[in-house]
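task: produce atomic coordinates for the following.
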Amino acid sequence: MDLGFGDMGEVVAEKWTEDNEQLFDEIVYSNHVSSGRNFWNHLAVEFPSRSNQEIVSYYFNVFMLRRRTEQNRLDPTSADSDDDESPECDSEPRKLHNSCSYEIWGR
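All right, here's what the predicted structure looks like:
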């Protein structure tokens, strides 16, 4: 199964509108795995015209890279890649408060 990991961030990001990127962020941030929610299912419902490959590719090639970049900018001495649910920055246009689950659509 090809999940689109060969594509790079800018190439993947160009395929998404700003509104779609914002909706993607909101879905991930509001469906923390620790609260028993699975954002992958919500993403599939909200983006029915997108394939699983496109959604996974965007998540890893754009969303996660932006998240890590923001974490490193905020406090480079204590960036914790395992801390995926802590509030990071409310003043940025994209609120970077995601949860990370590698269980994709129950697989």
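
give me the below-cutoff pLDDT ranges for the chain.
Counting by pLDDT under 70, the chain shows low-confidence ranges at 1-7, 76, 78-107.

try 80
The model of the chain has pLDDT under 80 over residues 1-9, 75-107.

what separation do you get for residue 72 and residue 65?
According to CB to CB, to the nearest Å, residue 72 stands 11 Å off from residue 65. Quick note: C-beta positions are derived from backbone N, CA and C, even for glycine.

quick one, which of the two is more surrounded?
Between residue 72 and residue 65, counted using other CB atoms under 10 Å, the more crowded position is residue 65 (15 against 12).

contacts only, for the more buried one.
Residue 65 is in contact with residue 9, counting by CB atoms under 8 Å, 6 or more residues apart in numbering.

helix or strand for it, just tell me which one.
Residue 65 belongs to helix 64-74 when assigned by DSSP states H and E.

list the buried ones in the helix or strand harbouring residue 54?
Residue 54 is part of helix 52-58 when elements are defined by DSSP H and E. Of all the residues in helix 52-58, those buried under the rule 16 or more other CB atoms under 10 Å are 52, 54-58.
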